[in-house]
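Asks: I'd like to go over a predicted model; first the sequence, then the structure.
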Amino acid sequence: MIKYNILKLKQDKSSYLKKTSLKLIYKELKKTKKISDQFQTQLFLKNKSQKEEGGLRLKGYFKHSRDTEPLITVITVVYNSSKKLEETIKSIKNQSYKNLEYIIIDGGSSKPTLDIIKKYENFIDYWVSESDKGIYDAMNKGCRLALGKGLLFLNSGDKFVGDVFHHKIKLPCFIPCKVKGIKKKIFSRKVTDPTCGMPTSHQAMIFANKKKLYNLSYKISSDYDYYIRNGLFFSLNINCPGYVLYDNSGLSRIKWMRRDFETMIIIFKNFGLLKFIKFILRRIFVLF
């Protein structure tokens, strides 16, 4: 593990980390808040059920965007997944693009997972361990905490293979994606029609931070609804030499019937009957 030297950071003017007073940070956040925003960004979470928190923010260090290097916030949601979590953290830590803000939202895990988080204490910008109402509630906590101009959700078990960010990146965009399927077989995930379901894996989407939250009424497909409400985007980051490896062993694959049902509702609501029928026919073809 490569540890940041906090004293050295104070003297390094080129560092992406900048020690700043909380009063000044809150003042800047108020300036950037628009009427259309659903919330004002938070620096920390303070709930009665909170177990622990940590990271560079508690030491007074906050990252910021530069003209040629926008700050991108990577959010990881985890619950009792120590081995997979460390792989995820390492893949973020190894990125050559360093203006990344990293936030971990833990659902109140036991000691092994918390030990992994604390092991990378000086790399993580902010982490919190507390109970939540499910994965999308946890992701909303991450949204409220994000200071970056870009947002990417990389959950425990998912990881970056090679570099996926670079200085010419344009937000929002897709990045190349591969999926780890049944029996650990890996296959490429092609970008498909976004009006007939998720165009690619959620982990391969870099959103412009529009301060929107996930709709908690959807239990499996809120990521698709979130993509639509952020405004459909289609560009693929073709300059990306690496890719996201999505671990397709989570809730969406296990509860695929609920996922498809919610997706049908979202499609009908946003794109009408013809797209709704097209999605059904496509799912029937895949199943049979």
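Replies: Done, it's in. Numbers count the residues shown, from 1 in each chain.

Asks: report the beta-bridge partners for the closest residue in space to L17 that isn't next to it in sequence.
Replies: Among residues not flanking L17 along the chain, Y61 sits closest, at 4.5 Å (Cβ to Cβ, 6 or more residues apart in numbering). In this view, the C-beta of every residue, glycine as well, is placed from N, C-alpha and C. In this entry, Y61 is beta-bridged to K19, by DSSP bridges.

Asks: same thing with I186?
Replies: Residues in beta-bridge contact with I186 (DSSP bridges): K180.

Asks: how about the strands in the stretch 51-200 of the chain?
Replies: 52-54, 61-63, 72-78, 100-106, 126-129, 150-153, 159-161, 173-174, 177-180, 186-188 (DSSP state E, counting those that start in this stretch).

Asks: now render the ones you listed as JSON lines, adding mean pLDDT and distance to F279.
Replies: Below are the strands of the stretch 51-200 of the chain laid out as JSON lines (pLDDT from 0 to 100; distance: least, Cβ to Cβ, whole Å):
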{"stretch": "strand 52-54", "mean pLDDT": "93", "distance to F279": "41"}
{"stretch": "strand 61-63", "mean pLDDT": "93", "distance to F279": "40"}
{"stretch": "strand 72-78", "mean pLDDT": "97", "distance to F279": "27"}
{"stretch": "strand 100-106", "mean pLDDT": "97", "distance to F279": "31"}
{"stretch": "strand 126-129", "mean pLDDT": "96", "distance to F279": "37"}
{"stretch": "strand 150-153", "mean pLDDT": "97", "distance to F279": "23"}
{"stretch": "strand 159-161", "mean pLDDT": "97", "distance to F279": "29"}
{"stretch": "strand 173-174", "mean pLDDT": "94", "distance to F279": "20"}
{"stretch": "strand 177-180", "mean pLDDT": "93", "distance to F279": "19"}
{"stretch": "strand 186-188", "mean pLDDT": "91", "distance to F279": "21"}
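
Asks: in JSON lines, list those along with mean neighbour count and distance to M139.
Replies: JSON lines is the format used below for these (neighbours: other Cβ atoms under 10 Å; distance: least, Cβ to Cβ, whole Å):
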{"stretch": "strand 52-54", "mean neighbour count": "16", "distance to M139": "17"}
{"stretch": "strand 61-63", "mean neighbour count": "22", "distance to M139": "20"}
{"stretch": "strand 72-78", "mean neighbour count": "25", "distance to M139": "6"}
{"stretch": "strand 100-106", "mean neighbour count": "25", "distance to M139": "7"}
{"stretch": "strand 126-129", "mean neighbour count": "24", "distance to M139": "13"}
{"stretch": "strand 150-153", "mean neighbour count": "24", "distance to M139": "6"}
{"stretch": "strand 159-161", "mean neighbour count": "20", "distance to M139": "18"}
{"stretch": "strand 173-174", "mean neighbour count": "20", "distance to M139": "19"}
{"stretch": "strand 177-180", "mean neighbour count": "19", "distance to M139": "18"}
{"stretch": "strand 186-188", "mean neighbour count": "10", "distance to M139": "25"}
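
Asks: of these, which approaches L274 most closely?
Replies: Distance to L274, taken as Cβ to Cβ, is lowest for strand 173-174 among those, at 24.5 Å.

Asks: picking up where we left off before, verify the stated contact: the residue nearest to L17 with K19.
Replies: Yes. Counting by Cβ atoms under 8 Å, Y61 touches K19, with 5.5 Å between them.

Asks: against D115, how distant is the residue lying closest to S201 once chain neighbours are set aside?
Replies: Closest residue to S201 apart from its sequence neighbours, by Cβ to Cβ, 6+ apart: Y246 at 4.3 Å. Between Y246 and D115 the computed distance is 26 Å (Cβ to Cβ, to the nearest Å).

Asks: looking at those two, which one has more neighbours?
Replies: Neighbour count, other Cβ atoms under 10 Å: between Y246 and D115, Y246 has more, with 24 against 12.

Asks: quick one: list the elements packing against the helix or strand encompassing that one.
Replies: Taking DSSP states H and E as the definition, Y246 sits inside strand 243-247. Counting contacts by 3 or more Cβ pairs under 8 Å, 6 or more residues apart in numbering; DSSP states H and E, strand 243-247 is packed against strand 159-161, strand 177-180.
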